[in-house]
Each structure stands twice: as structure tokens, then as C-alpha cells.
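Trainee: Pasting the sequence and the predicted model now:
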Amino acid sequence: MVNHVSASTHSDHTPLHLASSLGPARDPGHDDGQGGNHDSNNGVTLHEYISEKNWNNVLHLLQTQPNLVSRKGDSGALPIHLAAGNGAPLDIIDKLLDVYPDGATVKNNYGSLPLHRAAASGATLEVVARLIEAFPDGVKETTNGWSLPLHFAVTCRAPVNVVKRLLDSYPDAVRQKDRSGNLPVHTAAANKATVQVVSMLVDLYPGGVQEKNNVHDLPLHLAAAFGSDVDVISRLIGTHPASVRDKGEHGNLALHLAAAGGQSHDVITRLVTEYPDGVHKINNNGKTPLEMCTGKRRSSEVVRILSEATMRVDGSDLEGEAVDAKRRKVGAQKAEAAHRGNEDGDDRQIPLFERVVTVILKGFDEAKTEEDRKSIRVALTSVSQDNVADIANHVVIPDDPSSVSSEALYHKAYAISILFRKRSEEAA
């Protein structure tokens, strides 16, 4: 289950930051087991017995003090809320409903019915079906976060038969969004639901794969970010092929998110195959998918796939900026070289060509006027393996450009642009 631990606006839009948009993964109302249902003999509450899964004592207390079944705990939960969310067997659920049938219709302080709690905790089909039988309209009820029982079922990766039972009872649930703008298919994609579950949702509402949530992410973005398998990725792409070209929050393609999340080479290959030019696309932070493939999650196979794809696709006419093409190609070389260095356990010297281009790129970023940017852009598009030695003879190129101030790099970049202008005049 996705844990909504942080709400971030970090422009790289990693899975941790995406999690802030997925409201259904929050617990639909956890009761701490404390409340007013005290046994007058020993002070133990009915809620506590349920929390401890002491089902024999639960049955005993219900027989001796049936009035306790309608008393709420500290979070407004009835005993049946806690039982439904705590793996109670069917006979316990039956007994609670026999004593207090209306319990199935009561919401706790979070707006959750017992059915929401059951769906969120992986309850059996029999328990879910019994709660639906007790309150058929419960499948249409939403929590304070606008979540249906179906949202919670796909969040916790409930069994296929439970999801099917909820859908059979309320097919239109597939079209209903929670407070974060997530359809059930968004939530399923973000929580590694099986391809069977995703297919059930897509079959009922194919248009759902084209809908964006409140942060502009499609189900494919979430599936790529949170590690859905390649079958799910393929199912979503097959239903809406254009989704691989669609940029979500912070300008990320699904490929950016898959690379950042350290997803399998099968997923990366599927996304690259479907949209080869995607390897050159930059997000709002100026990063390509390869540049997102960093840290402990990256694998040599994924780096290889992205590196080869980046160098294979020219990209010179993408984004309308030659400077972006150069940035992407050098980013591929840099990432691959860094990865090789990590694998070999040594510090490799950065190649001269890469250092020169890095200097020019940094200078371009620091340029204050359009005239300067235009001049440096010419240098960036003109630099090649054949002329970097000449550049180094006239401009001191640092061994590690990252250790030099941005202002110094700007001056070096401008000097390189003047050198190219001079060479151009000499050639004329």
C-alpha cells in the first residue's frame, strides 16, 4: 500500500512526492481499541477484545452485554468498524449485525462505514458480501476524503473476487474520483494492483486511462512511478497509446518516473519502445529520463537501455532547441560514465569533451541577456570531439567543472563563444 508520508512540490517528482496526491491510501479510520465499551466486571472494552482478536471473549461479551455493540470508541467507530478492519471471521460479523443491524450504516469520524474498513484491510469476500447485504447502498458511500470502498479495495490490493463484488454492486464506481482527483484506476496503478484488477477497471471505463488527477497525472504516470509490472504498463498503453507522450506534474513523462523509481528493465524497455523520442524529453527541472536514473535504485541494465536509446535518437530537432539536444546527449554520456565508475570502484577522469560541454551549458544557464545566450548557444552547437583540444589550448578547462563557481563558468563559456566567432571569421 502506498503510504502518504509527504506532500512535496519537488520538481523532480519522484514516487515519494507523487504519493502526496493519492488520498485513498490513507487509513479510512483506525480506532485505537479504546472507548466506552467497558465490561463492568473487569474494565476490558469490547474494542480491546476485537483489537486483540480475542474472538471467544468478543462473543462472550456480546452474549452477556449486547448493548455494547452500539457504543462508539474514541474515533467514532462502532465495534463492527473495528472488527471489519481487523480481520474478524464471518461469524463475528454476523453476530455484530444480528445484534445491531443498523451498525452497517453508521460512519465513524473519518466518514468510513464498516464496509470501507473491510475493503481497506483485505477482508474476505464473505465478510465484504455480508456487509453489502446489510447495507447495499454502502458501496456508493464516500468517506471524508470522497473515497469509495472500491478505492480502498484497490489500494490494499484486495483479492480479485472482492473487487469484482464491489464492481458488480456499483459499476459506476469506476467513474468516481476521490478528493485528490483519483479514479479507482489511478489508485490501482499507484498500488501495484494486478493486471486482472486493472483490466476490470479499464474494461468498465476505458476513458479512465485518459483522465488526470488533481496534479495532472494519468494512471500510467502512477503505474510507472510506483512499480507496476510490465503487464499493467502494457494494458494502460494499449488502451491509450498517447499516454506515453503525455507529461504529468512537473513535466514528467511516464519514462521519467519509471527511471526515477528504479523500475524494471522490462518496464523501461516497454516505454522506450512505445516512444523512442521520450529519452530526449526534459522535465520542468531540465532533466531527461536518464538523468533521473540515479541513486541506489538504478541498475546497470536500465542505464544501458536509456544510454543506448539516448545516443541512438538524434534529438536535434526536438523541443525546438539545439541546446537541449546537446544537453541530453552529454547527460547520457555523463550518467553512463558515472555508472561505470561506480561499478569499477574508481574515480575516472571526466573526458575533455564532456568537461567543455558542461562549462558551456553552465555558462548558458548563467547568461543574463538574450544576446549572451545566443552567442553561447552557437558555441554549444558547434563544439565537437574534433575541436575541444583547440578550445583547451585557449581556455583553461577545469578537471571538475562542478567545483567551479557558476560565474567563473559563465566567463569561460563566453570566452569559448568568442573563440568560435574568431574561428568563423578566419574561415570566412
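Mentor: Okay, I see it.

Trainee: The closest residue to residue 148 other than its chain neighbours: what's it in contact with?
Mentor: Counting by CB to CB, 6 or more residues apart in numbering, residue 173 is the residue found nearest to residue 148 once chain neighbours are left out, at 5.2 Å. Heads up, the C-betas are built off the backbone N, CA and C, glycines and all. By CB atoms under 8 Å, 6 or more residues apart in numbering, the contact set of residue 173 is 139, 140, 148, 150, 166, 167, 184.

Trainee: So residue 108 versus residue 130, what's the distance?
Mentor: Separation of residue 108 from residue 130 (CB to CB, to the nearest Å): 19 Å.

Trainee: So which of the two has more stuff around it?
Mentor: Using other CB atoms under 10 Å, the more surrounded residue of residue 108 and residue 130 is residue 108, with 25 against 20.

Trainee: separation between residue 46 and residue 364?
Mentor: 69 Å.

Trainee: Of those two, which one has the most company?
Mentor: Comparing residue 46 with residue 364 by other CB under 10 Å, the one with more neighbours is residue 46, at 27 against 24.

Trainee: tell me the contacts of that one?
Mentor: Neighbour list for residue 46: 37, 39, 58, 61, 62, 65, 68, 69, 71, 79 [criterion: CB under 8 Å, 6+ apart].

Trainee: If burial is judged by neighbour count, which of the contacts of residue 173 pass?
Mentor: The neighbour-count test (16 or more other CB atoms under 10 Å) marks 139, 148, 150, 166, 167, 184 as buried among the contacts of residue 173.

Trainee: Can you pick out the most distant pair from those?
Mentor: 139 and 184 (12.0 Å; CB to CB).

Trainee: what's the overlap in contacts for these two?
Mentor: By CB under 8 Å, 6+ apart, the residues touching both residue 139 and residue 184 are 148, 150, 173.

Trainee: Check those residues against residue 301 and report the nearest one.
Mentor: The closest of the shared contacts of residue 139 and residue 184 to residue 301 turns out to be residue 150 (CB to CB; 36.4 Å).

Trainee: For that closest one, give its distance to residue 212.
Mentor: For residue 150, the distance to residue 212 - CB to CB - is 19 Å.

Trainee: Also residue 255?
Mentor: Taking CB to CB, one finds residue 255 at 17 Å from residue 212.

Trainee: again, but for residue 54
Mentor: In this view, residue 54 and residue 212 are 47 Å apart by CB to CB.

Trainee: of the two, who's got more company?
Mentor: Ranked by neighbour count (other CB under 10 Å), residue 54 and residue 212 place residue 212 first, with 17 against 14.

Trainee: need the contact list for that one.
Mentor: 181, 218, 248.

Trainee: I figured residue 160 hits residue 196, correct?
Mentor: Yes: the criterion here is CB atoms under 8 Å, and residue 160 meets it with residue 196 at 5.2 Å.

Trainee: picking that back up, reformat the buried ones among the contacts of residue 173 as TSV; add distance to residue 115, secondary structure and pLDDT.
Mentor: Converted to TSV, these look like this (distance: CB to CB, whole Å; DSSP: H, G, I helix; E, B strand; the rest coil; pLDDT from 0 to 100):
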residue	distance to residue 115	secondary structure	pLDDT
139	7	helix	98
148	9	coil	98
150	10	helix	98
166	9	helix	99
167	14	helix	98
184	15	helix	98
